[in-house]
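*Asks:* sharing a sequence plus its predicted fold:
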Amino acid sequence: MTLGSTLQRLRKERGWTQGKLAAYSGVSQSHLSKIERGEYDNVSTRIVAQLAAALEVSTDYLCEEAGWLNGRRHPKELALAEHDLIETVRLVTSPGVRHKVLEQLTWIAESVVKAEKAEQLEQLNNVRIAAERRASYQEDQ
């Protein structure tokens, strides 16, 4: 499935026209039409987030449905990767170097958490904006 076919399916499930989804999301109808027809291969994360918020689904859901997350690791694979990483750190014999490696891994983990929090805040903001657009659109009708 593609992003375009996913958007079209979700839009039609809600009984929305492209114009209504465009109004709710802030994405132009012509741009949305091109996405649905598959004319855009590289849709920005901002637009995906706006569309997800308007459709009241997560960006992960849209990306998964579009087939973009097929390579994402599953919990079992993550556990194996974590085990391999721990074993690799244990191979470092110098306590000073091991400490430095662990500091760097901690910094990387903290950076990932910060990035995920920023992404969550952006998604919440997109949901708020979509709700405001929906309310405004409904008032105009």
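*Replies:* Nice, I can see it.

*Asks:* what residue lies at the spatial centre of the protein?
*Replies:* Central residue of the chain (C-alpha atoms, centre = their mean): residue 59, 3.7 Å from the mean position.

*Asks:* contacts for the host helix or strand of residue 61 next, please.
*Replies:* In the assignment (DSSP states H and E), residue 61 maps to helix 59-65. Helix 59-65 is contacted from outside by 1, 3, 6, 7, 45, 48, 49, 51, 52, 55, 69, 123, using C-beta atoms under 8 Å, 6 or more residues apart in numbering. Backbone N, C-alpha and C define where each C-beta goes, glycine included.

*Asks:* restrict that helix to CA atoms and write it as CSV.
*Replies:* Output of helix 59-65 as CSV, limited to C-alpha atoms (Å, rounded to 0.1, in the frame of the first residue of the first chain):
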residue,chain,number,x,y,z
THR,A,59,2.2,9.4,11.9
ASP,A,60,3.6,5.9,12.7
TYR,A,61,0.2,4.5,11.6
LEU,A,62,0.3,6.4,8.3
CYS,A,63,4.0,5.4,7.7
GLU,A,64,3.3,1.7,8.6
GLU,A,65,0.3,1.6,6.3
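
*Asks:* what's the neighbour count on the residue nearest to residue 6 when sequence neighbours are not counted?
*Replies:* Spatial nearest neighbour of residue 6, chain neighbours left out: residue 65 (4.2 Å); criterion: C-beta to C-beta, 6 or more residues apart in numbering. For residue 65, the count of nearby residues is 18 (other C-beta atoms under 10 Å).

*Asks:* one more: residue 48?
*Replies:* Residue 48: 20 neighbours (other C-beta under 10 Å).

*Asks:* ok, it touching residue 3?
*Replies:* Yes - look at residue 48 against residue 3 with C-beta atoms under 8 Å: they come within range, at 7.4 Å.

*Asks:* where does this protein have low pLDDT?
*Replies:* 41, 70-79, 81-82 (pLDDT under 70).

*Asks:* if you set the cut-off to 80 instead, what comes out?
*Replies:* 1, 41-42, 67-90, 98-99, 102-117, 119-120, 123-124, 138, 140-141 (pLDDT under 80).
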